[in-house]
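Engineer: after the sequence you'll find the predicted model.
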Amino acid sequence: MHITISGHHVDVTEAIHNHVESKLERLTHHSDLITGIDVTVSVDKLIQKADAKIHVNGKDIFAVAEAEDLYTAIDAMTDKLDRQLIKHKEKRRSHR
């Protein structure tokens, strides 16, 4: 699995990088088919924003979260991705 973390109007510090990686580790338990993850963290005035795109076999999953705190936005984004991965996994199982 390849993880790319970039920042828009914000420097990606080691603490942010470690927090994102630790949260995304949880997603690998749901699906072994994840080939890559692209994460972008950004700051727009007072709004902290985190978005991610996960490349899974046959589909791309996208989630965006905004909050006043960057770490809260990252947590909300991974929760959204978690729900979408579970839904994708259940759909794959039900079709077979």
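Structural biologist: Arrived safely. Quantities reported herein were computed from a predicted structural model and do not represent experimental measurements.

Engineer: in stretch 44-53, what's buried?
Structural biologist: By neighbour count with 16 or more other Cβ atoms under 10 Å, stretch 44-53 contains the buried residues 48, 49, 50, 51, 52, 53. Placement of C-beta: from N, CA and C, glycine included.

Engineer: name the element the third one belongs to?
Structural biologist: Put plainly, it is residue 50. Using DSSP states H and E, residue 50 sits in strand 47-56.

Engineer: now the residue nearest to residue 54 when sequence neighbours are not counted: how far from residue 4?
Structural biologist: Take residue 54 and drop its neighbours on the chain: the residue closest to it by Cβ to Cβ, 6 or more residues apart in numbering is residue 61, 4.4 Å away. Taking Cβ to Cβ, to the nearest Å as the measure, residue 61 falls 15 Å from residue 4.

Engineer: could you do residue 11 as well?
Structural biologist: According to Cβ to Cβ, residue 11 stands 16 Å off from residue 4.

Engineer: give me the more crowded residue out of those two.
Structural biologist: Between residue 11 and residue 4, residue 4 has the larger neighbour count (other Cβ atoms under 10 Å), namely 11 against 7.
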